[in-house]
Structures are given as structure tokens and as C-alpha cells.
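Undergrad: Give me a model of this one.
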Amino acid sequence: MTERLDPVPCEELLHRLLRNKTHVDAGSGKALPAAFHRRPTESGLSVDLKSLRTVEESCSSLRKVFGVVSLHTGSVRDVSTVQGTTGERINLEVVHDPVDHTDKPNPAHTLICKVPLREENLAGAEHVARMLSLQARKVAMPRE
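TA: Numbering: from 1, shown residues only. Next comes the predicted model:
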């Protein structure tokens, strides 16, 4: 992310697509912490702004979705972790990052930033993933 992205207002709701069956508890349908691990190729966790895209529109962008959860932007920002070797405690950030350079534009695309990578900060990454999974509320499960 080289450009400056706009922060999302605290009152906005976010949708996170659960793209893997290992991201969902089979019994309850709730998101597991694995759904909130950042991949090394990503600059943040991808979510959509509820105010700009319906669940159906979000789900249609992927071949398979195992569920959708909502997160409250203000609560996401309350999650903090210790970064790097400095021991500095930082809070997550939520920024609007619309995608318009692909064949499937997404004006609602947003990033949850400052999520540590497991390869660099396992304890911090696991803490953030656990906190986000506890906040997540099940929105929809796709029909079989």
C-alpha cells in the first residue's frame, strides 16, 4: 500500500467471506480464528463494506463461500497487539481500498490493516485472529 487510503468510519459494518471449510466451526457455523490469519502476500484482511455491497454481491465474486460474518469497524479498531521486536502495542486499522483494476470491480473492498503475519509474530497473529473470531457474527451460510 503506497497510496494513502481513507479510514472507514467506526460505525460501519464489515463482511468477511469464509472461503475455506476450515474457517468455520461445523457445529455452530461460527468463524474460527483461522479465518483471520493474514497471508504473506496480503497487506491486510479483505472485507467488504456492508453499506456498499450486499452479501449476495460479495459471495458472487468467489466460486465457493462457506459463510459470511460481520464485524463492527469500531470494535475491530479496539483490537491491539504487540508488533515486532520493539514491544510497541498497536491497534488494527480499517481502510477503504476499492478494487477497480480487475474484471470484477469491488467498490466495497476494505482492508483490516496491521494484522501480524504468523511467520513473523505467531503470538500476535494468533491473538488478533482469536479476538476477531470472538467479535464475528454469523450473517449467512450459502445454500447447499
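
Undergrad: buried set for the helix or strand bottoming out on mean pLDDT in the chain?
TA: Lowest by mean pLDDT, DSSP states H and E among the helices and strands of the chain is strand 80-83, with a mean of 83. The neighbour-count check on strand 80-83 (16 or more other Cβ atoms under 10 Å) flags 80-81 as buried. C-betas here are computed from N, CA, C, even on glycine.

Undergrad: Wasn't V139 part of a strand?
TA: Yes: applying DSSP: H, G, I helix; E, B strand; the rest coil, one finds V139 inside a strand.

Undergrad: circling back: next SSE after the least confident helix or strand of the chain?
TA: strand 88-91 (DSSP states H and E).

Undergrad: Now find how far off-centre that following strand is within its chain.
TA: Offset of strand 88-91 from its chain centre (Cα atoms, centre = their mean, to the nearest Å): 18 Å.

Undergrad: That one packs against which elements?
TA: If contacts are counted by 3 or more Cβ pairs under 8 Å, 6 or more residues apart in numbering; DSSP states H and E, strand 88-91 sits against strand 80-83.

Undergrad: Residues contacting the strand it packs on, please?
TA: Where contact means Cβ atoms under 8 Å, 6 or more residues apart in numbering, the residues beyond strand 80-83 that reach it are 88-92, 114, 116, 121, 123-125, 127-128.

Undergrad: Got the phi and psi for the residue positioned nearest the centre of the chain?
TA: Among the residues of the chain, the one closest to the centroid is L45, at 4.1 Å (Cα atoms, centre = their mean). Note on L45: backbone dihedrals following degrees, to the nearest 10 are phi -90, psi 130.

Undergrad: Just confirm it contacts T110, I think it does.
TA: No: taking contacts as Cβ atoms under 8 Å, L45 lies outside contact range of T110: 9.2 Å.
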